[in-house]
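**Q** here you go, sequence then predicted model.
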Amino acid sequence: MYQSRNDITDVPGIKVGHWTDMESVTGCTVVICPSHTVGAVDVRGASPGTRETDLLRPENRIQEIHAVLLGGGSAYGLAASDGVMEYLEEKSLGF
């Protein structure tokens, strides 16, 4: 029997994947969300790099999110979102 560990994967429908590049000392984590998941963002820091976070502003038409990517490695980390978008497209999720 499964025993909850208070992990994000204890939330029904949430899937998490992670990849680490030990040589470059970087990696990424993606959280795949179930249908009708509402998202929000708070961007802080001296020079944060983001992609598509403005879509989460309340006045925009996006009503749900399908995935969240946390990536390291500066602009190269942002490029990992291309793979996430390809995966979502294969599953017919998103625009």
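**A** Good, I have the coordinates.

**Q** for the rest of this, base every contact and every neighbour count on C-alpha atoms.
**A** OK.

**Q** where does the residue sitting nearest the centre point of the chain fall, phi/psi-wise?
**A** For the chain, the residue nearest the mean C-alpha position is Val68 (1.3 Å; Cα atoms, centre = their mean). Reported as degrees, to the nearest 10, the phi and psi values for Val68 are phi -130, psi 130.

**Q** what's the distance between it and Ile8?
**A** 13 Å (Cα to Cα, to the nearest Å).

**Q** how about Cys33?
**A** 11 Å.

**Q** so what's the residue nearest to the centre of the chain bridging to?
**A** Beta-bridge partners for Val68, by DSSP bridges, are Val31.

**Q** name all residues that make contact with it.
**A** Val30, Val31, Ile32, Cys33 (Cα atoms under 8 Å, 6 or more residues apart in numbering).

**Q** switch the cut-off to 7 Å
**A** By Cα atoms under 7 Å, 6 or more residues apart in numbering, the contact set of Val68 is Val30, Val31, Ile32.

**Q** CSV for the residues you listed, including neighbour count?
**A** Below are the contacts of Val68 laid out as CSV (neighbours: other Cα atoms under 10 Å):
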residue, neighbour count
Val30, 18
Val31, 18
Ile32, 19
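
**Q** ok, so of those, who is nearest Gly72?
**A** Set against Gly72, the nearest of the contacts of Val68 by Cα to Cα is Val30 (11.8 Å).

**Q** can you tell me, leaving aside adjacent residues, what's nearest to that closest one?
**A** Of all residues not flanking Val30 in the chain, Leu69 sits nearest, at 4.4 Å (Cα to Cα, 6 or more residues apart in numbering).
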